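Participant: got a structure for you, letters missing:
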């Protein structure tokens, strides 16, 4: 089951993505698979893989799109207990970056900017750049929480 599609402001290696997911979710590193494309992946995804992360480059302020799939019921309960934004905020701290996550609205340009577990703010994406050039740029940048 897909957990989140997030976009991040830093190009993070597959190894660093796996290490951060292992840390945040408390999963052993060999239970995490990071790859470029699940559809074209020619390896085996065994039952021992608990987290899959697809890593794709995008253009704009956000350079990587990560699609994170949780394949374990205890991990889904862990997310329910801790909250999506908090967990993504922890990943951002590890990677020293910001992330966009869905705000679950029907507006495709309305997102949440996550800078840390306690810094999550609504933002708008530049609709013209996204629609015309598939470039992810914030229409405005809010001040950091607590600033």
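Facilitator: Perfect, thanks for sending it. The model shown is predicted, which means the values in this text are computed figures rather than measured ones. Numbers count the residues shown, from 1 in each chain.
Participant: which helices and strands does the lowest-mean-pLDDT helix or strand in the chain pack with?
Facilitator: Of the helices and strands making up the chain, the lowest-confidence element is strand 2-8, at a mean of 91, by mean pLDDT, DSSP states H and E. On a contact count with 3 or more C-beta pairs under 8 Å, 6 or more residues apart in numbering; DSSP states H and E, strand 2-8 meets strand 64-70, helix 73-82, helix 84-95, strand 99-102. Every C-beta, even on glycine, is put in place using the N, C-alpha and C of the backbone.
Participant: buried set for it?
Facilitator: Neighbour-count burial for strand 2-8, counted by 16 or more other C-beta atoms under 10 Å, picks out 3, 4, 6, 7, 8.
Participant: Compile those residues into a markdown table and extend it with columns for distance to residue 136.
Facilitator: Written out in a markdown table, the entries for those read as follows (distance: C-beta to C-beta, whole Å):
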| residue | distance to residue 136 |
| --- | --- |
| 3 | 20 |
| 4 | 16 |
| 6 | 11 |
| 7 | 6 |
| 8 | 10 |
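Participant: ok, of the residues you listed, which one's closest to residue 17?
Facilitator: Distance to residue 17, by C-beta to C-beta, is smallest for residue 8 among the buried residues of strand 2-8, at 9.4 Å.
Participant: Might one say that that closest one is in contact with residue 97?
Facilitator: Yes: using C-beta atoms under 8 Å, residue 8 is in contact with residue 97, at 4.9 Å.
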